[in-house]
Every structure is written in structure tokens, then in C-alpha cells.
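Q: Output the structure for:
(4 chains)
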There are 4 protein chains.
Amino acid sequence: MTADDPERRHFSEAVGAGMYETDRAAQHLGIRLEEIRPGYARTAMTVAETMLNSQGSCHGGLIFTLADSAFGYACNAENKATVALACSISFTSAARPGERLTAVAEERLRNARTGTYDITVTGGDGRTVALFRGNSYQIKGETVPGLGAGPQAEET
Amino acid sequence: MTADDPERRHFSEAVGAGMYETDRAAQHLGIRLEEIRPGYARTAMTVAETMLNSQGSCHGGLIFTLADSAFGYACNAENKATVALACSISFTSAARPGERLTAVAEERLRNARTGTYDITVTGGDGRTVALFRGNSYQIKGETVPGLGAGPQAEET
Amino acid sequence: MTADDPERRHFSEAVGAGMYETDRAAQHLGIRLEEIRPGYARTAMTVAETMLNSQGSCHGGLIFTLADSAFGYACNAENKATVALACSISFTSAARPGERLTAVAEERLRNARTGTYDITVTGGDGRTVALFRGNSYQIKGETVPGLGAGPQAEET
Amino acid sequence: MTADDPERRHFSEAVGAGMYETDRAAQHLGIRLEEIRPGYARTAMTVAETMLNSQGSCHGGLIFTLADSAFGYACNAENKATVALACSISFTSAARPGERLTAVAEERLRNARTGTYDITVTGGDGRTVALFRGNSYQIKGETVPGLGAGPQAEET
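A: You can find the predicted model right below:
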């Protein structure tokens, strides 16, 4: 089974739904989980007035939060509890109030317990707003307790 | 005059107050600016229920936001408009609901237009929660328009 | 003219040749510049015995050096003197003695004076060895003095 | 026993000597290990003509290599095999040919298997040349096989 296998994708959607249910921060900021599959997640958020910094554009911390959310869903999409270890972000364009931002997270690599993910944040017009890279670390346990390990990828 | 000169510190406090007045994100998240002087800022925030991730601890994005705020105030403390270019963060300990987090930003270097700042986020018990490094880029103009350049550091 | 325009590509090749001529470090480490065009460069290096760390694999610093070289050529490919400001690297697989490593640098964004580049280092078998991201800063002057500004990209 | 305990420091020195013996890259570049103790290492290197980039200053990759070496010795100083996972570096001042560079690595945090280290590279005049941050990951086994675990820190 590949990452696009319907069964594995369906399982990842169940993990995402389970995570989102208790993800108070994402809910509170209006971050939505739009898509999730093994090694991939897409989140979106509209820049509210309460998210603006003193220059009148979206606070960099909230752009990071949107990207970090996509990262968190992508690296937990197979229900193996995984945390962010070190992240970096380059801010490339300001985001305006009312603008819809989208963050796409893609797994670049996953070894035994560590992984690296690239997250691109784009604005409503498709321009790049920020480039985020996350390094993850898999701890013990399930992300959503009780969901189990799900259908496994075939060994290659 | 050094960075500890009362006149320069007083000017930085005016810059900080002017920035904070329009910093909707900081206000909304309950981030407070506790201290500011040339090349230095300290911010603090209490972890609210609405800041928790699916694991029940403070969302990494909001820890980043607190640190990024301290960074933003520190690198703008002399009213030279300065933006974040690239930042990195290492998460070292989870933060609990109700915990008071403090971020201290210190300038490591500032060249003609670029600078590097270290920000340490600590929990209520003094343990390190995150280590953030910010690289800044000075653009044209004043951070708080109309405040002017303030008392200058002596050339050395 | 686009980045693939033969005239601009030819100019970038002249810049690359001019840089390489005085790039003692690249020469000494056996780093070769295999391709250069606006916003793009590819370098390669064979892991020598003198590049091994105490674990018998290629020293991470030399993998970084190969990637940083590709970054340096890519961001200077239009002869605008540009320096590295902040870089990050994730190490994903060890490189063996005798292995041929290739680093491909691609421009993600370039604003007035700052830019962001992604560099991927791959091993002889195509696996990813490291992921590098470089943030650049354009200073005054030409990279290769006397070569001029070259054919310009059309404004869009 | 603390990190300054003579017995633990002596053990770290044995680990450092064992690592250095097979560290071909450090030897070849003239990097010396000047001091090592638990969570700390200091390395030094003189900028040779063969280390210069096309701008006539030390190649950033070799500054990184010096810093990365200090990081590697510091995080392996207790003979627990540990590798670099993700590193970031800010370049703050050019280094000149003939200049003696020193890198000091200090442990900021070490959890069960992950750690964060700050490395500062200074020039012959004490100015900061680069700021490096390394995130480490402890794998299985001993850094120097056969040396054992050494005297342990007291649990606190």
C-alpha cells in the first residue's frame, strides 16, 4: 500500500479528526484541517484583526502557528505520537488582514524516530508568505489513544 | 551613552509603548511587554485553555509567538523599522495550562542592516521551554512613525 | 527573458567561472560547479578519506560546505554580490567514503535585497543526505568585479 | 558529581582523545580539540589559504565545520553515541586568512535522547564570527567503543 492508498488515507483522516477534536488552539484561531494523508497535511486560516502586529500585517507567530499545525498533523498522520524538535521559518511576504492563508506540509524524510517536513504557507493569490521546515521526533505511544496502528505501508 | 543609559532606555520604552498600542495579536493573546531597552525585551504570557494542542500542552506556535514578540520589540527598540527574516526554534519542554511563560530577547549582534537575537522562553519554575534565534533585517523608516531617532549611542 | 533564456544562462556561467577561479576552498575540496543559471546551481564532491569523521562517515561540516557552495553560486548567479546570512541544515543519511555527493540549489524567493534558497544534497544512489536552507542578503557591488550586470530579466 | 568533577572531566578527555584519533576531517583541516568536559568542548582552527572563498574570506562551510566539530565533541563527551539532527548558523563577520578561529560549544539542554547546544565562533580579536545552534539525537552504543559509560553524574 502506498501513501495514496484509500485505506491508509481514511485512517489518517480518522487520526486528524481525533487530533482536531482536542486541538483547542487550532479551533480558537480558526485554523481548519483541510486535508490529511500519510506524510501530508493542509491547513488554512483567515487573518483576523486580532492577529495583526504593530505594522498592520499578520503576526509572524501566527503564520508560524498555521505552518506548525500542518506540520503536527502531517507527522502524526499515522498515529505514532510525534513531537516537534526544532523548526525554522523564513518570512518572505507580509500577510494582510482578511487574507486566507494555506499551509501545505510534506514529509521529506522519515527515519526510525526522526523526520523532516517542509511546509509552505501561501497567500490568497498564491504567493509564498513563509517557508517552514520542521524536524520531528517520534516518542512512545499513539497520537490518538485507542485508534491503533492502522493499515501499514508495505515494506519495500 | 551605553544601552543602559537612562535616556536611551526611556526612549525605547516609548517605542515599546507605541508598538504595543497597535499590536493587536499581543493584546489578544495576553502577551505583556514587561521590559524593553536597546537590544533587549522581555515579554510574558499565561498559557490559556484556548492555547492547548491535542496533547494538552501549549501549542508550539504560541510559544513561538511569545518569543517572536520579544524578538520584535528588542530589534525595534531604537525605532528603526526592522523585520524578522529567518527564525529557528528548539522546543525543549512542554508548557502546561495556567503556566506563566517568560521570553527574554537579547541582541547578539547588529551590523549595518542585519542582526541576530537570542530569545529564551522559560516556564514558571525557571526551566527552559524553548530556545529561539531570530535574524532581523532593517528596512526603511521608523517603527513608530513620528517618534524620531531618539538619543543615539556614542560611536565607539 | 526568463531564467532559462540562453543569454542570461550564458552570463551566469561566466559569473560562475569567475567565482570558481578564486574559490580556493571549493578547488581544494574537489567541489566542482557542474551547472549554473539564474537562481540555480549544482555542485558535486566525492567523499575523500580526509573528509571522514570519527564514525567513519563524511563530516557534516563538509556536507554543509558542499551545499553552501551550491547556495553561494546560485544566489550570485546574476553577479549581484550576495552573502549568506543564516542557514539551516537537517542531516538525513550518512555519506560513505568514496561516495559522489551532489547538491542542487534552487531559489525559492528573492525580494529587494533578501532571498531564500533550498539546497538538497543527494548521494550516489539518489537518496537524500541533507536538506539545507539558505537565507541570503545582497550587499553592494558585483560578485565578479568588471563583469557588469549582464542581460536583465524582463520586468513582469 | 557535577560536570566539573575531575573524574568526569578526565573521562571526557579520554573520549575526546579517542574520537580525535579517528577524526580525519578535523586532523586534515588543522582543527584542534583544545578542551572537553561533560556538555562542553572548545575547538580552534587557523584560516588557511586553501579555506578561502571567492571573496577572499574563510568559506562559510569551513566556519560551520569548526563549529560542528565543537558540537560533536560536546554532545559525545560522555561516550553516548550522539549525532547531529538539525543545525542552524548565523554568519556575523567575515574571517580573514591567517586568523585563528575558536569555537566554544555549550550544552543548553539534554533530555532523554535529544539535546540542544549553542556554539559561538570567535575571531582572533574576540569578535563573534558565527552563532551556531545544534540539535542532537542520541543513538545506540558508545561513541568510542570499549571506553564504557564512565563515572556517572549523580541523579538530582
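Q: Does the helix or strand containing A:Gly72 reach chain B?
A: In the assignment (DSSP states H and E), A:Gly72 maps to helix A:60-75. Yes - judged by C-beta under 8 Å from any C-beta of the partner chain, helix A:60-75 comes into contact with chain B through A:Gly60, A:Gly61, A:Leu62, A:Phe64, A:Thr65, A:Leu66, A:Ala67, A:Asp68, A:Ser69, A:Gly72. (Each C-beta comes from the backbone N, C-alpha and C, glycine too.)
Q: just checking, what packs against the following helix or strand past that helix?
A: For helix A:60-75, the following helix or strand on the C-terminal side (DSSP H and E) is strand A:80-91. In terms of contacts (3 or more C-beta pairs under 8 Å, 6 or more residues apart in numbering or on different chains; DSSP states H and E), strand A:80-91 is packed against helix A:60-75, strand A:128-142, helix B:60-75, strand B:80-91, strand C:128-142, strand D:80-91.
Q: Mind doing that once more with 6 Å?
A: Under the contact criterion of 3 or more C-beta pairs under 6 Å, 6 or more residues apart in numbering or on different chains; DSSP states H and E, strand A:80-91 touches helix A:60-75, strand A:128-142, strand B:80-91.
Q: With B:Gly150 as the reference, name the closest of these.
A: With C-beta to C-beta as the criterion, B:Gly150 lies closest to strand B:80-91 of the helices and strands packed on strand A:80-91, at 9.5 Å.
Q: okay, the helices and strands packed on strand A:80-91 in CSV with mean neighbour count next?
A: CSV is the format used below for those (neighbours: other C-beta atoms under 10 Å in any protein chain shown):
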stretch, mean neighbour count
helix A:60-75, 29
strand A:128-142, 20
strand B:80-91, 23
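Q: want to throw these into JSON lines with mean pLDDT?
A: Converted to JSON lines, the helices and strands packed on strand A:80-91 look like this (pLDDT from 0 to 100):
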{"stretch": "helix A:60-75", "mean pLDDT": "98"}
{"stretch": "strand A:128-142", "mean pLDDT": "97"}
{"stretch": "strand B:80-91", "mean pLDDT": "97"}
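Q: now do the same end-to-end measure for stretch A:85-104.
A: The first and final residues of stretch A:85-104 sit 19 Å from each other (C-alpha to C-alpha, to the nearest Å).
Q: okay but A:Tyr20 is in contact with A:Glu34, surely?
A: No - using C-beta atoms under 6 Å, A:Tyr20 is not in contact with A:Glu34, being 11.0 Å away.
Q: which residues sit in contact with the nearest residue to A:Ala130 once chain neighbours are set aside?
A: Distances taken as C-beta to C-beta, 6 or more residues apart in numbering or on different chains place A:Val121 nearest to A:Ala130, at 4.2 Å, with adjacent residues excluded. For A:Val121, the contacting residues are A:Ile63, A:Ala67, A:Leu101, A:Ala103, A:Val129, A:Ala130, by C-beta atoms under 6 Å, 6 or more residues apart in numbering or on different chains.
Q: how far away is A:Val121 from chain C?
A: 12 Å (C-beta to the nearest C-beta, to the nearest Å).
Q: near chain B, which residues of chain A show up?
A: Residues of chain A found near chain B (C-beta under 6 Å from any C-beta of the partner chain) are A:19, A:22-25, A:28, A:50-54, A:59-61, A:64-65, A:68, A:84, A:86-91.
Q: Give me the pLDDT value at A:Gly3.
A: Check again: residue A:3 is Ala, not Gly. The model reports A:Ala3 with a pLDDT of 66.
Q: Could you find the closest non-adjacent residue to A:Arg133?
A: A:Ser88 (5.2 Å).
Q: Get me the contact residues on chain A for chain D.
A: For chain A, the contact set with chain D under C-beta under 6 Å from any C-beta comprises A:Leu85, A:Ala86, A:Thr114, A:Asn135.
Q: Would you agree A:Leu62 is in contact with A:Met51?
A: Yes - counting by C-beta under 6 Å, A:Leu62 sits close enough to A:Met51 to count as a contact (4.8 Å).
Q: and A:Ala149, how many neighbours does it have?
A: 10 (other C-beta atoms under 10 Å in any protein chain shown).
Q: Name the helix or strand for it, please.
A: Per DSSP H and E, there is no helix or strand for A:Ala149.
Q: for A:Ala26, same thing?
A: helix A:24-29.
Q: Which other helices and strands does the helix or strand following that helix contact?
A: Tracing the chain past helix A:24-29, the next element assigned as helix or strand by DSSP H and E is strand A:32-37. Secondary-structure packing of strand A:32-37 (3+ C-beta pairs under 6 Å, 6+ apart): helix A:6-21, strand A:40-46.
Q: Now do the buried residues in strand A:32-37.
A: Within strand A:32-37, the residues scored as buried using 16 or more other C-beta atoms under 10 Å in any protein chain shown are A:Leu33, A:Glu35, A:Ile36, A:Arg37.
Q: next one: it to chain centre, how far?
A: Remark: strand A:32-37 is offset 8 Å from the chain centroid, using C-alpha atoms, centre = their mean, to the nearest Å.
Q: That strand relative to helix A:6-21, how many degrees between them?
A: Interaxial angle, strand A:32-37 versus helix A:6-21 (axes from the mean of the first three to the mean of the last three C-alpha atoms, to 10 degrees): 150 degrees.
Q: Check what contacts strand A:32-37 and list those residues.
A: The contact list for strand A:32-37 (C-beta under 6 Å, 6+ apart) reads A:Arg9, A:Ser12, A:Glu13, A:Gly16, A:Tyr20, A:Arg42, A:Thr43, A:Ala44, A:Tyr73, A:Ala77.
Q: Save those as JSON lines, and put in distance to C:Gln152 too.
A: Formatted as JSON lines, these follow (distance: C-beta to C-beta, whole Å):
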{"residue": "A:Arg9", "distance to C:Gln152": "47"}
{"residue": "A:Ser12", "distance to C:Gln152": "47"}
{"residue": "A:Glu13", "distance to C:Gln152": "49"}
{"residue": "A:Gly16", "distance to C:Gln152": "47"}
{"residue": "A:Tyr20", "distance to C:Gln152": "48"}
{"residue": "A:Arg42", "distance to C:Gln152": "37"}
{"residue": "A:Thr43", "distance to C:Gln152": "39"}
{"residue": "A:Ala44", "distance to C:Gln152": "37"}
{"residue": "A:Tyr73", "distance to C:Gln152": "43"}
{"residue": "A:Ala77", "distance to C:Gln152": "45"}
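Q: quick one: which two of those residues are the most distant?
A: Farthest-apart pair in the contacts of strand A:32-37 is A:Arg9 and A:Ala44; separation 19.0 Å (C-beta to C-beta).
Q: how close does the spatially closest residue to A:Asn53 that is not a sequence neighbour sit to chain D?
A: The shortest distance from A:Asn53 to any non-neighbouring residue, by C-beta to C-beta, 6+ apart, is to A:His59 (4.4 Å). With the distance defined as C-beta to the nearest C-beta, A:His59 ends up 22 Å from chain D.
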